[in-house]
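Participant: mind folding the following:
(2 chains)
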Amino acid sequence: SQTIHQWPATLVQPVGSPLSLECTVEGTSNPNLYWYRQAAGRGLQLLFYSVGIGQISSEVPQNLSASRPQDRQFILSSKKLLLSDSGFYLCALAEALGYEQYFGPGTRLTVT
Amino acid sequence: KNQVEQSPQSLIILEGKNCTLQCNYTVSPFSNLRWYKQDTGRGPVSLTIMTFSENTKSNGRYTATLDADTKQSSLHITASQLSDSASYICVVSAKSSASKIIFGSGTRLSIRP
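Facilitator: Okay, the predicted model is just below:
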């Protein structure tokens, strides 16, 4: 079965600092990978998705970027964090289009 | 516009009681609808998934229904337990699109002893 690893679990970063969140998956090959953000008390917002190595699609304009250097690795980055980047970041995978999504444990980011 | 709306926004019930959560959607073309349970500070976990041709699906004490004509779904929880306290999220996917996965804002359910 699929396993999704995210780290770190929690992170506190000052405004203007860089960010790198990593997501790795096991038990699957060539999955669709997703990055979501969930603000406190709000629904999940899709940030990026990837259907393969090096293929990134962005859903909303922002100061975040994503990369997929390997089949089972998905990285979320920022050069300069904003206060509004605070939230709960979730990585998810799906075997293919329309298939069920499985979520990782998430990273709680607080920008101060 | 593709939207998923859930009601109520929050709900408090006593342990042992039943409850029903609602989800209305306008996503088109429809592919599937899923209900997730999200414990505080954790990632969502899938409860049920239904396609256009399915109108009910159960997972233990959880039963989801789907009316594709009226574009409504419900999640019924029977004999609630304290561990059912969580957010329940309705998610609707559109066909042939990796990104058209629309999340509802969730219903926050609290079970009181």
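
Participant: quickly list what the residue nearest the centre of chain A is bridged to.
Facilitator: Centroid-nearest residue in chain A: residue A:35, 3.1 Å away (criterion: Cα atoms, centre = their mean). Applying DSSP bridges to residue A:35 gives these bridge partners: residue A:48, residue A:91.

Participant: what pLDDT does it get?
Facilitator: We have a pLDDT of 95 for residue A:35.

Participant: which ones are touching it?
Facilitator: Contacts for residue A:35 (Cβ atoms under 8 Å, 6 or more residues apart in numbering or on different chains) come out as A:23, A:46, A:47, A:48, A:49, A:66, A:74, A:76, A:89, A:90, A:91. To be clear about C-beta, it is placed using only N, CA and C from the backbone, and glycine gets the same treatment.

Participant: for those, pick the one with the most neighbours.
Facilitator: The most crowded member of those, judged by other Cβ atoms under 10 Å in any protein chain shown, is residue A:74 (29 neighbours).

Participant: need the contact list for that residue.
Facilitator: Counted by Cβ under 8 Å, 6+ apart, residue A:74 has contacts A:22, A:23, A:24, A:25, A:33, A:35, A:50, A:66, A:67, A:68, A:91.

Participant: secondary structure and distance to residue B:51 added to these, as a markdown table?
Facilitator: Putting the contacts of residue A:74 into a markdown table (DSSP: H, G, I helix; E, B strand; the rest coil; distance: Cβ to Cβ, whole Å) gives the following:
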| residue | secondary structure | distance to residue B:51 |
| --- | --- | --- |
| A:22 | strand | 33 |
| A:23 | strand | 28 |
| A:24 | strand | 30 |
| A:25 | strand | 25 |
| A:33 | strand | 23 |
| A:35 | strand | 26 |
| A:50 | strand | 25 |
| A:66 | strand | 29 |
| A:67 | strand | 33 |
| A:68 | strand | 29 |
| A:91 | strand | 25 |
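
Participant: may I see these organised as TSV, with distance to residue B:107 added?
Facilitator: Converted to TSV, those look like this (distance: Cβ to Cβ, whole Å):
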residue	distance to residue B:107
A:22	31
A:23	27
A:24	32
A:25	29
A:33	27
A:35	24
A:50	30
A:66	30
A:67	35
A:68	33
A:91	24
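
Participant: partners of the lowest-mean-pLDDT helix or strand in chain B, with directions?
Facilitator: Lowest mean confidence among the helices and strands of chain B (mean pLDDT, DSSP states H and E): strand B:101-103, at a mean of 86. Partner strands and pairing direction for strand B:101-103 (DSSP bridges) are strand B:86-94 (antiparallel).

Participant: and the contacts of the strand it pairs with?
Facilitator: With contacts defined as Cβ under 8 Å, 6+ apart, strand B:86-94 is touched by A:43-44, A:98, A:101, B:2, B:4, B:6, B:21, B:23, B:25, B:27-40, B:44, B:47, B:73, B:75, B:100-109.
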